[in-house]
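Peer 1: my questions concern the predicted model and sequence given below.
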Amino acid sequence: MTREDILARVDRLIPALRELTEQQLNLIETVVRQFRRSFIRIERNPASDLVDDRLLCDFGDVLRIHHCFSKEALSKDRFEYALEKTLNLCGKAATLSASRTHRGHDITIEDVPCSLKTQADKGIKEDEIYISKFMELGKGRWPSTAAGLGRLRDQFLQHMRAYERIFTLRCLSKDPQGVRYELVEIPKALLQEAEHGTFEIRRDTKQETRPGYCHVKKRGGALKFQLYFDAGSERKLQVRHLRKNLCTVHAQWVFATA
């Protein structure tokens with residue numbers, strides 16, 4: 001779109017703006033003020049096959065609009081819709097899954113099924129990724145031994161057959177002087193290493209159904225990540241202490257909202 005096209009589009013909006021209420025104009029002015037601010041930092045991984053220069057800017061604008069009206073991080077459902085919208089605007093075919101409740105992929109990007117996650121916990125760490133609910137574990141008899149956790153681990157491996165790529169949008173700071181996000185890809189092959197992990201049942205708990213772990217380590221013993229089998233009322237699987245340096249950071253956004 002040329003500069004002349006943009007100015008013509010603005011001219012067409014003027015009559016509509018004159019019909020708005022004072023509050024509606026206030027909301028528009030809030031967004032305009034945000035757009036006139038420069039990003040503190042905005043950058044993409046040059047090797048990224050997902051985030052190009054336009055998507056970097058367009059998705060950054062979505063984040064800035066969100067924080068015009070909210071102090072909380074972008075939620076998973078809003079992330080899904082925002083990513084689909086910006087990908088399509090940037091010429092990358094993207095379609096959200098028809099079912100928002102099925103156990104499978106969240107979005108298809110250029111014919112590739114993908115899973116989307118978000119992270120914005122208060123204790124978020126720069127170098128570790130935490131997924132509080134990777135999947136539900138369902139009901140039924142809970143394993144009473146470490147070896148029995150293998151059945152739950154196999155559910156995890158089966159779940160990942162439904163998609164090829166995994167992305168998580170992490171909100172590292174909600175400080176109005178420097179809101180910070182990053183988009184990270186978790187290699188599916190890395191998580192599949194849980195097939196050879198070691199199991200542990202927690203003994204230091206009074207729960208009748210005891211939670212457990214699957215530890216995935218490097219050959220020298222350093223932890224790559226943990227699967228945590230939460231035996232609480234919701235029965236979910238968490239990914240803990242996943243080392244970010246084993247993943248790919250596709251893009252970062254830092255901006256002020258005040």
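Peer 2: Cool, got the structure.
Peer 1: could you measure from Cys114 over to Glu84?
Peer 2: Separation of Cys114 from Glu84 (C-beta to C-beta, to the nearest Å): 11 Å. Bear in mind the C-beta positions are built from the backbone N, C-alpha and C, glycine included.
Peer 1: got any residues that touch both of those two?
Peer 2: Residues touching both Cys114 and Glu84 (C-beta atoms under 8 Å, 6 or more residues apart in numbering): Ile107.
Peer 1: just the strands in the stretch 51-200 of the chain please.
Peer 2: Per DSSP state E, counting those that start in this stretch, the stretch 51-200 of the chain carries strands over the ranges 94-96, 107-109, 112-119, 128-136, 165-173, 179-186, 198-201.
Peer 1: show me what the fifth one is packed against.
Peer 2: Where contact means 3 or more C-beta pairs under 8 Å, 6 or more residues apart in numbering; DSSP states H and E, strand 165-173 is packed against strand 112-119, strand 128-136, strand 179-186, helix 188-191.
Peer 1: now do 7 Å
Peer 2: Applying 3 or more C-beta pairs under 7 Å, 6 or more residues apart in numbering; DSSP states H and E, one finds that strand 165-173 makes contact with strand 112-119, strand 179-186.
Peer 1: again, but for the last one
Peer 2: Other helices and strands packing on strand 198-201, by 3+ C-beta pairs under 7 Å, 6+ apart, are strand 212-217.
Peer 1: could I get the buried residue list for the strand it packs on?
Peer 2: For strand 212-217, the neighbour count (16 or more other C-beta atoms under 10 Å) marks 212-214, 216 as buried.
Peer 1: what's the next helix or strand after it packed up against?
Peer 2: Past strand 212-217, further along toward the C-terminus, the next helix or strand under DSSP states H and E is strand 223-229. Applying 3+ C-beta pairs under 7 Å, 6+ apart, one finds that strand 223-229 contacts helix 150-159, strand 212-217, strand 236-243.
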